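Enquirer: Turn this into a structure:
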Amino acid sequence: MRELPEKIVSEVDPQVSFTGFRPEWAHSFYAPRLDIGEYERPMRRFNGRPVKPLYIFGADNRIAYKDTTWPWGLVGKVFNSDGKMGTGALIGKRLIATAGHMLPWNSIAAGSWWMRFVPAYYNGVSLFGSSVYSYVSDCKGYNTSGDVTGYDFGVCRLYTPLGNSLGYFGYNGYDDDWEDDPYWTLLGYPSAVAAGQKPSYQTSISVIDDDGDSNGGLEIESEADVTPGNSGGPFFGWWNGDPRLIGVISGEEEEYSFPFSIDKVNVAAGGSGFTNLMAWGRTHWPV
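Expert: I've put the predicted structure just below:
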């Protein structure tokens, strides 16, 4: 379902936890072990300009990895009945966060749809085992009367509670006091890296600006390297050992600066709208 922002926030339990979970068996590392060896219409910004996930800034800094440790194995590849492929991440016992445009709204409107999440997807199967994946039973996103990048996030309930055994990320709001500091990491399955068959990461990313509105949507701008397949990927940082998403990858934009310069940025969707939606998922789909 697509809901209005005010309806989402009215249905959130304010006491619901926002932290991540690491099972006792899972080792935790602050960097993954390296691997040796599109959507139908563009999103638009609050200002109405279209966006696409296409920008690379200088050398492509994304690196493929092969790792099931926590939290690197919590990211997975998303497939859906609209023919899209992107990225999602576990944020609850049976919840994933992804981009709103990764939810198969066309198929849902037609009355027949499916969506599949494969954690630690690597060359066609999960590194946890060929049977480790789950289809989605329900999904929730925002109704913005059109596709708006600042609200381009969705929460999905899985049939299988993968988070019980694998763990999950936490989530957090964003403060513009953190801009220009290299706190953030991006994970995903871009087709430009290993043809989207292996996860990749980029770290030490700085946010350079953000744009928000009164309902909690936030466009978090950076020069992270983003191409198709990164959509829905977690954009996260660490809070005393707890990895928390501040948003998910949405698209790219050109910022026009006076008098003639054009600055290219990639955009993650976050803000209180994002945290409210994740909290709604933990409130209503807890187990």
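Enquirer: Every contact and neighbour count from this point should use C-alpha atoms.
Expert: Fine.
Enquirer: Strands of the stretch 51-200 of the chain, start to end?
Expert: Ranges of strands in the stretch 51-200 of the chain, per DSSP state E, counting those that start in this stretch, are 63-64, 75-80, 85-92, 95-98, 115-119, 121-122, 125-126, 134-142, 154-158, 170-171, 184-188, 200-205.
Enquirer: Buried residues, whichever helix or strand comes after the last one. List them.
Expert: If you walk from strand 200-205 toward the C-terminus, the next helix or strand you reach (DSSP states H and E) is strand 207-212. Taking 16 or more other C-alpha atoms under 10 Å as the neighbour-count basis, strand 207-212 is seen to contain the buried residues Val207, Asp210, Asp211, Gly212.
Enquirer: do the same with stretch 120-129
Expert: Buried residues in stretch 120-129, counting neighbours by 16+ other C-alpha under 10 Å, are found at Ala120, Tyr121, Tyr122, Val125, Ser126, Leu127, Phe128.
Enquirer: Quick one: end-to-end length of that stretch, please.
Expert: With C-alpha to C-alpha, to the nearest Å as the measure, stretch 120-129 spans 9 Å from end to end.
Enquirer: could you give the mean pLDDT of that stretch?
Expert: For stretch 120-129, the mean pLDDT works out to 97.
Enquirer: Spatially, which residue comes closest to Ala194, not counting chain neighbours?
Expert: Ala64 (7.2 Å; C-alpha to C-alpha, 6 or more residues apart in numbering).
Enquirer: Equivalent analysis for Gly73, please.
Expert: Ala120 (4.8 Å).
Enquirer: Now do the same contact list for the one you found.
Expert: Taking C-alpha atoms under 8 Å, 6 or more residues apart in numbering, we find Ala120 in contact with Asp67, Thr68, Trp72, Gly73, Leu74, Val75, Gly76, Lys77, Ser126, Leu127, Phe128, Pro199.
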